Each structure stands twice: as structure tokens, then as C-alpha cells.
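S.K.: quick one, what's the 3D model for this:
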Amino acid sequence: MNRLILGNLNYSSWSIRPLMVACKVGLPVEEVIVPLDFPETTARLREISPTAKVPLLIWGDQTVWESLAITEWIAEWAPTGEVWPEDPHARAIARAAASEMHAGFPELRSKCAMDIRARHPTPDMTPALAADIARIQDLWSSLRAKFGHGGPFLFGKWSAADAFYLPVVTRFRTYSLPLTGAAADYAEAVLADPDFLALEAQAKTEPWWINYGPDGRSSGYLNPED
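M.R.: Okay, the predicted model is just below:
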């Protein structure tokens, strides 16, 4: 059985990146949600994952972990141009942009935890957070200006770069962070994408919550009887 093992869609930014790629190309795979931060979570994941983390793709006798590696696996499975831009230059820049997200923006991640269905107060604008926001504003605007012809996404047509920045777009909405011009237009296009709307609806129905406090993360059920 082919399975994509994921964390809570509402909270797990790393999970929804390869999930969105899989949805866009029609990968025939079963989605399996393992709710995060429960006492049994790590033990459950250790049974199937070499890292005890999500996401994880199980395809026949293959096991692929880590969101970027899963994305590249799907890119090889799918027709050319469905995951990354067909133009070599655009494709290289798309991969660079996705990798920057993969490794960067630590202050945004720290101050603005993933929470698709909620709305939270804007955090204090530290210099590091302002720098992350400014870089994202500049990156989205410049990519749209150079590569965005023919569609509303970073490279015109949807690509995996958009999957990697999808959780960032939701954070800007959740915490009312500032965006202007082409970057704001891009964020609106991502939030209006039918595949994101389907994912958002699924996230809203999840029965689990995660809190991020000074002593770490805690979790539970929205309905304690679940």
C-alpha cells in the first residue's frame, strides 16, 4: 500500500508541503495522519519512520523521508513540468527558493507558529522578524516580476516552490503580518487555490489542538471525549 504519513495538517508545515505536491500531480497515495505531540506519537512513528518524524512516503518497498526529498521523488514520478518549471533557469531558481524556505526564516517560524484555522495577535516586531518579512516580501515580488507571467504563482504556473511557501502564506494571514504589492497579490492567489481550500477544510475538521508555550508544546483533543 502506498502511503503518505503526515502530521496534523493544521500545524505541520512540513507535512502539507509534499501533500500539496502529491495533490497537484494526482499521486495515488493514501494520506495517514499521525497527530503530533501526544505521548504515543514518537513510538508510533518509530515503527514506520527511520527518523520518527513526518512526513514520510511509503511507496511499495521504498521509504522516503523529509519533505524536500519526497518532493523530488514525486517530481521524478510525475510528468516533466508538473512539479518544477520546465525552463532550466526558472527550475534552478525555483529549487533555490524552496531550499531557502527549507533552511531559513528562523524568526518567523519561532514567533509565528503554524496554525491554519486560527487567528492570533501580531507578535512584537523584532529586528530579526522584520528582516524575515522583508526578505519574503522582496523574494515573492521579484520572482513574480521575473517569472510570474502566465499565472498567479511565483513562476506563473504552480510549482513546488509554491508548496514550500504555502505555510508561510498562511502564517502571514494567521498573524496579520504586512505584505504589499505583488507579494500580497501572490498570497491572495495561494489562499484562493482550490487545492489549498480543500486542505484548509480538512485542517479545520481535525479534532486535535497543539499549544506552544514557554515550557514547550502540549496537545489534546478539542472534544475531550474523542
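
S.K.: what is the longest helix of this structure by residue count?
M.R.: Taking DSSP state H as the assignment, the helix of the chain that covers the most residues is helix 127-147.

S.K.: averaged pLDDT, it. What do you get?
M.R.: Per-residue confidence for helix 127-147 averages out to 98 on the pLDDT scale.

S.K.: what's next to that helix, contact-wise?
M.R.: Applying C-beta atoms under 8 Å, 6 or more residues apart in numbering, the external contacts of helix 127-147 come out as 85, 90, 93, 97, 100, 104-108, 111-112, 123, 154-156, 161, 165, 168, 177-183, 185-187. From N, CA and C alone the C-beta is placed, and that goes for glycine too.

S.K.: where does the chain have low pLDDT?
M.R.: Low-confidence segments of the chain (pLDDT under 70): 224-226.

S.K.: out of the contacts of helix 127-147, which are buried?
M.R.: For the contacts of helix 127-147, burial is judged from neighbour counts taken by 16 or more other C-beta atoms under 10 Å, and it is met by 85, 90, 93, 97, 100, 105, 107-108, 111-112, 154-156, 161, 165, 168, 177, 179, 182-183, 186-187.

S.K.: just the angle between the helix or strand just after the longest helix of the chain and helix 127-147, please?
M.R.: Scanning forward in sequence from helix 127-147, with DSSP states H and E defining helices and strands, the next element found is helix 160-174. Orientation note: helix 160-174 sits at an angle of 140 degrees relative to helix 127-147 (axes from the mean of the first three to the mean of the last three C-alpha atoms, to 10 degrees).

S.K.: list the helices and strands helix 160-174 packs on?
M.R.: Based on contacts counted as 3 or more C-beta pairs under 8 Å, 6 or more residues apart in numbering; DSSP states H and E, the elements that helix 160-174 packs against are helix 13-25, helix 67-77, helix 88-103, helix 127-147, helix 181-192.

S.K.: chain center to the helix or strand just after the third one, what's the gap?
M.R.: I take that to be helix 88-103. Moving toward the C-terminus from helix 88-103, the next helix or strand (DSSP H and E) is helix 106-111. On the basis of C-alpha atoms, centre = their mean, to the nearest Å, the separation between the geometric centre of helix 106-111 and that of its chain is 15 Å.

S.K.: let's number from 184 now, not from 1
M.R.: All set: I'll call the first residue 184, so the last point we hit is now helix 289-294.

S.K.: what is helix 289-294 packed up against?
M.R.: Under the contact definition 3+ C-beta pairs under 8 Å, 6+ apart, helix 289-294 sits against helix 310-330.

S.K.: what residues of the helix it packs on count as buried?
M.R.: By neighbour count with 16+ other C-beta under 10 Å, helix 310-330 contains the buried residues 312, 315, 316, 319, 320, 322, 323, 324, 325, 326, 327, 330.

S.K.: so how far is that helix from its chain's centroid?
M.R.: Going by C-alpha atoms, centre = their mean, the spacing between the C-alpha centre of helix 310-330 and its chain's C-alpha centre is 17 Å.

S.K.: now stretch 262-281
M.R.: Between the mean C-alpha location of stretch 262-281 and the chain-wide mean there is a distance of 17 Å, by C-alpha atoms, centre = their mean.

S.K.: residue contacts, the closest residue to residue 298 other than its chain neighbours?
M.R.: For residue 298, the nearest residue in space outside its immediate sequence neighbours is residue 357; the separation is 5.4 Å by C-beta to C-beta, 6 or more residues apart in numbering. For residue 357, the contacting residues are 295, 298, 299, 301, 302, 303, taking C-beta under 8 Å, 6+ apart as the criterion.
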